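1. below are the sequence and a predicted model; questions follow.
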Amino acid sequence: QFVLALAGIITNVAALVCGREFLVNSNKVLLDTMMQLLGDLKPGCYTKLKVLMMMSLYNVSINVKGLKYISENPGFFPLLWWLLNDPDPEVCLHVLRLLQSVILEPEVLAKSATEIRDTMPLSRILMLSKCRNGDLQVLAQELLEDIKVLECEI
């Protein structure tokens with residue numbers, strides 16, 4: 001409960017403009033720790049904690065500087081691909097939201113396009129676009145459309 005409460009506080013801090021600035025400028029260690037912890041948690045376990053941390057990272061990604069920082073972490077994309085295989089649909093939903101942030105930010109995409117194109121698990125995203133969870137299905141379909149548009153531009 002205590003850890004979930006802390007994760008919730010961080011998520012709420014990251015939801016504010018000044019909070020995102022604070023996390024990006026003064027607490028990169030916290031962002032790195034969250035990404036490492038997300039990679040250490042087994043699929044299907046600690047779902048609420050994963051969701052809160054993914055929400056925090058998504059909120060940080062709203063800040064271009066924050067998105068640049070987390071997307072330049074060498075383990076960022078492998079982490080997203082790994083989390084995309086989590087059996088919990090809410091975890092997958094937040095992974096797709098974060099991935100959409102990366103894809104829709106031209107400056108960040110320019111640096112990451114090759115890695116994304118070469119490693120993205122398109123078959124998993126395609127499978128999610130046909131799942132029963134309406135929100136997940138819609139977001140996966142939107143992401144596939146975004147990817148199609150970008151393929152034409154790259």
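-> It's in.

2. from here on, just use CA atoms for contacts and neighbour counts.
-> Will do.

3. please name the residues that touch residue 21.
-> Each residue near residue 21 by CA atoms under 8 Å, 6 or more residues apart in numbering is listed here: 63, 66.

4. recalculate using a threshold of 10 Å.
-> Listed by CA atoms under 10 Å, 6 or more residues apart in numbering, the contact set of residue 21 reads 13, 14, 27, 60, 63, 65, 66.

5. so for it, what's the pLDDT?
-> At residue 21, the pLDDT value in this model is 94.

6. now residue 47
-> Looking at residue 47, its pLDDT is 96.

7. report the central residue of the protein.
-> Residue closest to the average C-alpha location in the chain (CA atoms, centre = their mean): residue 98, at 3.1 Å.

8. these two touch, right, that residue and residue 58?
-> Yes. Between residue 98 and residue 58 there is a contact under CA atoms under 10 Å: 5.2 Å.

9. any shared contact partners between the two?
-> Shared contacts of residue 98 and residue 58, defined by CA under 10 Å, 6+ apart, are found at residue 67.

10. so where does residue 22 fall, helix or strand?
-> Taking DSSP states H and E as the criterion, residue 22 maps to helix 17-26.

11. which element follows that helix toward the C-terminus?
-> Downstream of helix 17-26, the first helix or strand assigned by DSSP H and E is helix 28-40.

12. residues contacting residue 70?
-> Listed by CA under 10 Å, 6+ apart, the contact set of residue 70 reads 24, 28, 31, 32, 35, 57, 58, 60, 61, 76, 77, 102.

13. give me the distance between the second one and residue 54.
-> Spelled out, it's residue 28. 15 Å (CA to CA, to the nearest Å).

14. more crowded one of these two?
-> Neighbour tally, residue 28 and residue 54, criterion other CA atoms under 10 Å: the higher count belongs to residue 54, 27 against 15.

15. assign the more buried one to helix, strand or coil.
-> Secondary structure assignment for residue 54 (DSSP: H, G, I helix; E, B strand; the rest coil): helix.

16. name the nearest residue to it, sequence neighbours excluded.
-> Nearest residue to residue 54, sequence neighbours excluded (CA to CA, 6 or more residues apart in numbering): residue 94, at 5.9 Å.

17. returning to what we had before: so what's the residue nearest to the centre of the chain up against?
-> Contacts for residue 98 were tallied using CA under 10 Å, 6+ apart; they are 54-62, 67, 71, 80, 92.
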